[in-house]
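> Compute the structure for the input listed below.
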Amino acid sequence: MKYKGKVDLWWWMVLITVNGLICWILIDPEKTNINPLFVIMILGICDIFMLHMTFKNYVLLSESSMNIVLGVFKMTIRYEEVLTVKKTKNPLSSMALSLDRLEIRSRKNIVFISVKNREEFINDLSSRNPKINIEIH
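Numbering: from 1, shown residues only. Alright, predicted model coming up:
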C-alpha cells in the first residue's frame, strides 16, 4: 500500500521565499553584484531538488518492509525492526515536509515521516507487525 506524504504550508512558503529571493536578485543584479546566470543556475538546482521532494513524497508498505521516499532520499525499514510509532510535532529534520509527523523508532535508527492518511497508515503498519508499540495520544 502506498501512502502519500503530507506537505504543510510552511514548505510551500520556503519554496516561494527561495524563488522570491532569487527573482529579487535577478531584478537588479548590479546592486547585488552577482552574475544573473549563476543565480538562474542556483534557482534551477534548488527548484528541481525541492520540487522533486514535494511531489515524490510517500511511504510504500511492501511485503516485508516499509520504503520511505522523499525526493532522492530513500530509506527501507523491515517491519520486524520497528519498535515504536508515535505521533509527534518534533521539528527535527527528517523525511517529512509537515510538522504533523510520526516518529518511527527501529533497532537501527529513528525517522520522522508525515503521511496524509495517518490513522490508516498506522493500522496497516501494525497489522504487518502486531509487536510494534503504537503510542498515540
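
> Go through stretch 49-58 and flag the buried ones.
Met50, Met53, Thr54, Asn57, Tyr58 (16 or more other Cβ atoms under 10 Å). Placement of C-beta: from N, CA and C, glycine included.

> One more: stretch 121-135?
Buried, per 16+ other Cβ under 10 Å, within stretch 121-135: Phe121, Ile122, Leu125, Ser126, Arg128, Ile132.

> Also stretch 69-81?
Residues of stretch 69-81 classed as buried: Val69, Leu70, Gly71, Met75, Ile77, Tyr79, Glu81 (neighbour count, 16+ other Cβ under 10 Å).

> Might you report the residue contacts of the fourth one?
Met75 is in contact with Asn67, Ile68, Met95, Val111, counting by Cβ atoms under 8 Å, 6 or more residues apart in numbering.

> Doesn't it belong to a strand?
Yes: applying DSSP: H, G, I helix; E, B strand; the rest coil, one finds Met75 inside a strand.

> And it, how far from Ile40?
As judged by Cβ to Cβ, to the nearest Å, Met75 and Ile40 stand 32 Å apart.

> For whatever helix or strand Ile48 lives in, which outside residues touch it?
Per DSSP states H and E: Ile48 is located in helix 36-55. Helix 36-55 has contacts (Cβ under 8 Å, 6+ apart) with 7, 11, 14-15, 18-19, 22, 25-26, 29, 70-73, 97.

> The same query, at a cut-off of 7 Å, please.
Here helix 36-55 makes contact (Cβ atoms under 7 Å, 6 or more residues apart in numbering) with 7, 11, 15, 18-19, 22, 25-26, 29, 70-72, 97.

> Could you identify the most distant pair in these?
Greatest spacing in those, by Cβ to Cβ: Pro29 and Leu70 (33.3 Å).

> Show me how to select, in ChimeraX, the buried members of the contacts of helix 36-55.
Buried residues among the contacts of helix 36-55 (16+ other Cβ under 10 Å), as a ChimeraX selection:
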select :7,11,15,22,25,70,71,97
